[in-house]
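J.: For reference, the sequence and a predicted model appear below.
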Amino acid sequence: MANQYSITVSNGADAVLKRCKDNGKKVSQCISAAIETLGFETLMNLVVKQQILEKYWAAEDEQE
């Protein structure tokens, strides 16, 4: 049985998901495929790297 989640995504993720939908794919299938293919460890690694980049970019913006 499938599980349901209600999620909020970034504008960048939204753009990707809209393209998936525009190409005839269900958003839920795209998300599931990405999660299952990448796996837990890779997802956690990506989240940490994204957080580091966001902190770096925020610091860069403050310097300008």
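T.: Received the coordinates, thanks.
J.: Could you report the pLDDT at the spatially most central residue of the chain?
T.: Nearest to the mean C-alpha position of the chain, counting by CA atoms, centre = their mean, stands residue 13 at 5.2 Å. In this model, residue 13 is scored at 96, pLDDT.
J.: So it, which state does it fall into?
T.: Following DSSP: H, G, I helix; E, B strand; the rest coil, residue 13 is assigned to helix.
J.: Use 384 as the first number from now on
T.: Sure, I'll start counting at 384 from here, so that last one is residue 396.
J.: Next one: it from residue 410, what distance?
T.: 10 Å (CB to CB, to the nearest Å). Every C-beta, even on glycine, is put in place using the N, C-alpha and C of the backbone.
J.: Would you map the helices across the protein?
T.: 394-405, 410-446 (DSSP state H).
J.: Just give me how far the first one sits from the chain centre.
T.: Relative to its parent chain, helix 394-405 has a centroid offset of 10 Å by CA atoms, centre = their mean, to the nearest Å.
J.: what's the answer for the last one, then?
T.: Counting by CA atoms, centre = their mean, helix 410-446 is centred 6 Å from the centre of its parent chain.
J.: Specify the angle between that helix and helix 394-405 in degrees.
T.: Helix 410-446 and helix 394-405 are oriented at 150 degrees to each other (axes from the mean of the first three to the mean of the last three CA atoms, to 10 degrees).
J.: could you say what helices and strands helix 410-446 packs with?
T.: helix 394-405 (3 or more CB pairs under 8 Å, 6 or more residues apart in numbering; DSSP states H and E).
J.: Show residues contacting the helix it packs on.
T.: Outside helix 394-405, the residues that touch it by CB atoms under 8 Å, 6 or more residues apart in numbering are 392, 410, 413-414.
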